[in-house]
Each structure stands twice: as C-alpha cells, then as structure tokens.
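[1] Build me a model:
(chains A and B)
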Amino acid sequence: MPGLSFRHGVHPPELKELTESVAIRRLPFPEEVILPLSQHAGKPAVPIVKVGDKVERGDKIAEADGFVSSPVHASATGRVEDIDLWPHPSGNYQPAIRIAVDPHSAQEARTRLIPEWEGLSREELVASVKEAGVVGLGGAAFPTHVKLSPPADKQPRILILNGSECEPYLTTDHRTMAEFPERVHLGVRIMMKCLGVEKAMIGVERNKPDAIEALRSTLPTDIDVSVHPVTVKYPQGAEKMLIDTLLGEEVPSGGLPMDVGVVVQNVASVATIAEVFETGLPLIERIVTVTGHGVVKPANLIVPVGTKLQYLLDACGGIKNSATEIIFGGPMMGAPQSNFDVPITKGTTGVVVLDEAHSKAQHSYPCIKCGHCLDSCPVFLNPQLLGSLAKAGRYEEMMDAHLMDCMLCGCCSFACPSNIPLSQLFQQSKAAARKQQQSAA
Amino acid sequence: MNSQLQVTASPHLGSRDSTVTIMWSVVLSLMPVVAVSLYFFGPSAFLVIFAATAGALVVERVFGPGGTLRDGSAVITGLLLGLTLPPGLPMWMAFVGGAFGIGLGKVVFGGLGQNVFNPALLGRAFLQAAFPVAMTTWPRPSENRFALLGDNFALPLMSPDVVDVVTGATPLGLMKFEQVSSNAGDLFFGTTGGSLGETSALLILLGGVYLATRGHLNWRIPVSILIAVATLAALVHTINPDTYGGPIFMLFSGGLMLGAVYMATDMVTSPVTNKGCWVFGAGIGALVVIIRYWGGLAEGVMYSILLMNAMVPFINRVTQPRVFGTGRRKEATS
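    A predicted model of the protein is given here:
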C-alpha cells in the first residue's frame, strides 16, 4: 500500500504556531521596488524598458530569454530609476530594474492583460502562463510553463499538488489552502487541462487540519482530484519524497518526476495560476510569511515582488535585539541574508528572523561515526562517507557515491551530533565536481 | 547590516543531541552499574575504577588533540575499562590500562572519532597480556563490606602482597574447566564473582534501554549479539548439554552484557550502516560462542569485539545503503 510517508528524514521543531492562524493581509506599497532580472531558474530576463520610462502596474519590463526563462513585470506603477547591479537574495549582486513607486497612483487593478482561460487551447494556456511570468513559488522558482510542456514521449498520468510545507516556520501554503481553497482547485483544473492528465492528488501534512478541511469541503466533483493528509516529517515536500509517499514509486536516480509519469507543483504556484487568469494580472505579488522569534509581529503578507527586506521587516514591527540571522525561505534550506536592501523575489516563500534560542550551534566536533546522518538521509546516501571524501577533496569518488543525488535538504547536518556542516560541504563539492568535469571535458 | 546579525549555511536548525550530550548520557547510564559494583566489591571497586579513569583522563588531557576532556569520551573509556577489571587489581595497573587504552588506542590514531579499536578493550587486552595472573584473580565479595579485596595499593613493578581474601573461579571458569553451572538468577542480579561490571546484567540492560530510546546507541548491535549467542548456544547445548552451558547461562555470564551493550556499541568503532550493525553483532556473538566453547580461554567477549572492530571498514563497504531510485525498479533511460 502506498505509505503515508517516506523512509528516513528528520523531525525538526515545527515552529509554525507564530503565523499558522494569522490571516493573510496586504502590505502597503513601498516607495520603491527592485525587480531582479533573475528571479527564476534558467536564463535571466532581458530588460525592455529604459531608465526614465513610466511603467504601470502589470507592465512587462523584461522579456524571457529563451524557453527556460521567465518575463518580469512591474509590481507597481512608477518610473524606472535605474537598471543596475543590486544586492540579490542569493548573496551576490545581480542586474535589477529599480522602480520608484508613484506616490499618487491608486495602484488599481487594470484591464485584463492575461485572457480568460476557458476558451483557450492547451498551447494558448501554456503560452499565457509563460507570458504571466509564473514560476514555482515553493522556493526553486522553476518556470511553470516548462513543467507544463512535458516532452511528447513522457506524457504525465498524475498531477500532484505539494501542500506539505515541511519547512519549519513557514505558513504561506498553509494560509493559501485555508483561505483560498477554491483558487487552488481552479488552478488544478487549469493545470490538468494544460497537462492532459485525468487525475490530481493534493498532499497536505497533517499539521494543517484547517487547510485539509477547507480543500475537502470545496472539492470539485466533476474532476478526479483528492486530498491526502501525509505524515509530518521533513523533507515531506521534496517532490521525490511526496511521490514516494502518495504513489509508492521512486523517481529514478538522476531522473525527474516525469520519468514516473508525474508532475509535482507547489500549491501556492497552482493558486497563482488561477489568480493570474482570474484577475488578468501577471505574477507581480506573492504571499510571504514573515516569522521567527526575532521579529516583533510575525505575519502572512501579500507582498509586491521587489519589496525591500527592510520595508517588509518594518511593516512587521522590526526585528528584536535578540535576532541573530535573517533567512529567505525556511530554516532548513533557506538562504541567509547579509543586506537589508535585498528584494523579495517570486521565489521567496518566507522571511525567517532567527534568535539566539532558535539557532543552530556552530561549534563542531569530530565525526564519531554514529550513523545518524545515514538514518536521516531521505535518498539513502552515506553522508558520513561523503563528508570525509569532501574534506579530502575527493570529488570523483563522491560522484561514484551518488553525490549528485543529494538534494541539499540538510537532514544530515540537522541530525549530526557533532555539528559537521555536511550539506554545506556537499553544496560546495557539487560545484567543485562540476567544474572538474567541465575542465576535464 | 546590523553588526550583530550573522550569515551561516543552512540548515539553521539542529537536533538537540550533540556529541557531548551523547557521551555524558553514556556516562550517566553507567552510574548504576558503577554503584552496584561498589555495593558488591566495596572500596576496592572504587579504587580500581578511579585509577583506570584517571589514567585515561591524564593521557587524553596531556596528549589528546585539543587536550579537551569536555566531550566525556575519555571518561567513558576509563569507566568501561575499570568495570572490566578484577576488584583486587593494583591501582597502578588499572592506571596503566587506562593510559594505554587512550594513548595507544585512541590518541595515536588522531583522537576522538579516528580510532579503529575500542580503547577500553585495547587497554584491557594490554593488561591481560602484561599481567595475566593479576587479571585472572577473582576475589569473592567479602563478608566485611569495607575490606579491600586485594593489594590495591601495591607499588608499581613490585609483587603485590598476598592479601587474605577468598578467591574463586568465575561462573564461566567453573563451567569451562569444572563443568559446574551457576544459578541464572544470581547471574542476572549480579551476586557472583567476576570483574566489577560483569556482574549485574539487569542494570546493564536498563542502561542500554535508556540509551537506545534516546538514540544514543544502535540497538541492532546488542540485539544481534544476544540473538547470535543464544541461538548458537542453544544449538550446541542441545547436542551436548554436559560440556556446554545453555543459552541463558551464556547470555548472563561473564562480560557479555557489558560488552554487547556498552563496548560493541561504541559508535566510533562500530559500523555506520544499520545493515552493518547486524553483521557486526552477529559476528561478535558467533566469536564469543566459539571462544568460550572451544578456545583456550574461559571468556571471549573482549577478543570477539576487537576482532570485529578490525572488520568494520570492510563491513561498512559491503553494506552501503541502496540509493533512492536505484535497484528496486528498472533504471529509466537517462
């Protein structure tokens, strides 16, 4: 029987109580928005505006560069101030379009930029999704239209919606499902049509009973979609783990979900697809959880893409003196921020402000070969072996030990009693191994 | 940015366990065993355990990489070594055993996490080879609780004074050399002769259960050792019950419990894979039975564990986990 869960994984503290029952509200418009050209996996977008141009909310300001890329739209009405390097959430500086928001604009919804979905063919739907700049909102920001265009020989059978939200603290998906279940179902309908699949499954961790209830009570009867409560365990939301949980099938090593006939999409992204076709506006805002024990007033907010971190934190009462670190995304896989000017991008699921009491100790001890990392790895690697190879720079042997199957989920680092930064070592090793292969070729 | 904020790699949460808490919880779980050895063997027990621990700590502090005692691992080595020694052993020998165990069993390999052999057992093996008589003189618990059970204060390299104590063979010795079996209840609760910590199977098991439930001990190792010993002993005992002790006797006599629960489960010197732990434990169990029944010694737990320690790198290599998405199903074309 397909299990309720996957094997291994870890149980970090959930810490969702700060925001799980806080209703989503809208953030007032900031004075300026910064829209990086690279907010998605794939090639950065190409600007189509100049400094000094007036832009309206929803206007396309940068065009997708090729198939695996995504356009960028103005998230507020205003004037293009600058197209230059700007601090980026990934830690470096990247090209971005800076828009000074017009303080006199009502920022009103405008006439439809994206057509109604009902009359559209599959191809037109996918093209509209691309045109709307929709990317996966679960963190990786993979362009959604690419997922909706499977190769002809890999026709998917099942659409799986990922409502696990297994990262501690985050409640973006939770609130979306609890407050907008019908939008989720409309998104499912549109995606099923795009993909030509007959069956959809929504996997939701059991710690969100109100979301499960909301989705079930609004379940459409004319399409085959079902809601599946799954075990609360990290990384339940990794797509390979969710597929294993719901279908009992393992995605082959090095393969993609489509290799087992599945497309996995995060619920917030699916709701966004529905919203795009409902409102006719492209993806210019997203729901962000601002949380952590280091922020004064944790909240779930609708935030214009491009809002600066500082503005967002101020809107939540600022950070406490006990704050130690600010993370974009969840605490298990998220990226630490070093600059209050970084913008919220399409892939920012949350902003977590950690305090001393809820941070990981940094002192590390020698490996005592306890095997806890092996027991935690959801893809059954041997992080103990990989870690010792990484320290010696033996990347080829690491590749033989399936380094590339590592998802960097952080379970091994979490479980390690000696605090060895295993997943960090693997991230560096993956990059080094790729470089080595390239220079060898 | 706020100068108090930091930038560190994900994940930003960690489990509550740390190497330090694991080590000290092992020490804590040994306390009842130490207490009962003090109860049975009086001040001699304290002197021997103290000397062995002191030897381990001194060498760790002076020569160990970092010279830190904070991680508690040297305390474990000292306590465990002390618990495997006869109560009448001169303190200086116990001290040398602890020093040898940490020095040549651990420090020379590079310290915590690097050693191949269990340091406590290596210390004991050294003592066994260097002082065979002292290491096999088993005084019986005295009528007078406060009497010493041997010349614990003998000076180094002098022959110890003969102290007027009653010595006797251990239950395993009795079985092996005189075919006399001991009462299972006595073995379980610890009212028999033997080394300090060999005597109470019950308390050792309780300590093991405590550690296993906290995830500080891989339960597969003691379970597979005990299953292997019980099965093999039952088999051989059925064939010839007169010469060979039965499974209950084999399980609760000698150092098996202490070895299975505390020595074989030393994380550093046991396999990292769960499959490997089963193999490792079964190997130890089989060797114990073979040495006890057919070897020249009455007891074989120490050598069984040390031999299997040497096998760990090999066991790890052949029991690597199956990587997710390989093997079980046909490989998809990539």
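
[2] Where is the longest helix in chain A?
    helix A:422-440 (DSSP state H).

[3] and that helix, what other elements does it pack with?
    Helices and strands touching helix A:422-440, by 3 or more CB pairs under 8 Å, 6 or more residues apart in numbering or on different chains; DSSP states H and E, are helix A:383-391, helix A:395-400, helix A:411-415. (Glycine included, C-beta is placed from N, CA and C.)

[4] Turn the ones you listed into CSV, columns for distance to chain B and mean neighbour count.
    As requested, the helices and strands packed on helix A:422-440 are exported to CSV (distance: least, CB to the nearest CB, whole Å; neighbours: other CB atoms under 10 Å in any protein chain shown):
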stretch, distance to chain B, mean neighbour count
helix A:383-391, 5, 21
helix A:395-400, 11, 17
helix A:411-415, 5, 29
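
[5] can those go into a markdown table with extra columns for mean pLDDT?
    Shown next, in a markdown table, are these (pLDDT from 0 to 100):
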| stretch | mean pLDDT |
| --- | --- |
| helix A:383-391 | 95 |
| helix A:395-400 | 93 |
| helix A:411-415 | 95 |
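
[6] mind putting these in TSV, distance to residue A:310 included?
    Output for the helices and strands packed on helix A:422-440, formatted as TSV (distance: least, CB to CB, whole Å):
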stretch	distance to residue A:310
helix A:383-391	36
helix A:395-400	39
helix A:411-415	29
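
[7] where along the stretch 251-400 of chain A do the helices fall?
    A:267-279, A:309-315, A:372-376, A:383-391, A:395-400 (DSSP state H, counting those that start in this stretch).

[8] buried sites along the shortest one?
    Neighbour-count burial for helix A:372-376 flags A:372, A:373, A:374, A:375, A:376 (criterion: 16 or more other CB atoms under 10 Å in any protein chain shown).

[9] So for the first one, what's the nearest residue that isn't a sequence neighbour?
    Yep, that's residue A:372 we're talking about. residue A:415 (4.3 Å; CB to CB, 6 or more residues apart in numbering or on different chains).

[10] ok so, going back, how about the helices and strands packed on helix A:422-440, which one is nearest residue A:66?
    helix A:395-400 (28.7 Å; CB to CB).

[11] got the contact list for residue A:304?
    Residue A:304 is in contact with A:27, A:29, A:30, A:33, A:75, A:76, A:284, A:285, A:344, counting by CB atoms under 8 Å, 6 or more residues apart in numbering or on different chains.

[12] ranking those residues by neighbours, who comes first?
    residue A:75 (33 neighbours; other CB atoms under 10 Å in any protein chain shown).

[13] what does the stretch 51-200 of chain A put close to chain B?
    Applying CB under 8 Å from any CB of the partner chain, we find that the stretch 51-200 of chain A lies next to chain B at residue A:168.

[14] ok, now with 10 Å
    A:91, A:153, A:154, A:167, A:168, A:169 (CB under 10 Å from any CB of the partner chain).

[15] how many other residues sit next to residue A:50?
    Neighbour tally, residue A:50, other CB under 10 Å: 8.

[16] Three-state assignment for it, please.
    Each residue gets one of three states, and residue A:50 gets coil by DSSP: H, G, I helix; E, B strand; the rest coil.

[17] quick one on the thing from earlier: the longest helix of chain A versus helix A:383-391: what angle between them?
    Interaxial angle of helix A:422-440 relative to helix A:383-391 (axes from the mean of the first three to the mean of the last three CA atoms, to 10 degrees): 50 degrees.

[18] Tell me how far helix A:422-440 lies from the chain's centre.
    23 Å (CA atoms, centre = their mean, to the nearest Å).

[19] Kindly report the same for stretch B:279-290.
    Worked out by CA atoms, centre = their mean, stretch B:279-290 lies 15 Å from the chain centre.

[20] Tell me where the model's unsure across the chain.
    This is for chain A. Counting by pLDDT under 70, the low-confidence segments of chain A come to A:1-3, A:109.

[21] not what I meant, chain B
    B:1-4, B:67, B:142-143, B:158-169, B:174-194, B:197-199, B:328-334.

[22] Okay, domains of it per the record?
    B:14-167, B:169-318 (automatic domain parsing).

[23] And the ones you listed: which comes nearest residue A:243?
    Checked against CB to CB, the stretch from these lying closest is domain B:169-318, at 24.3 Å.
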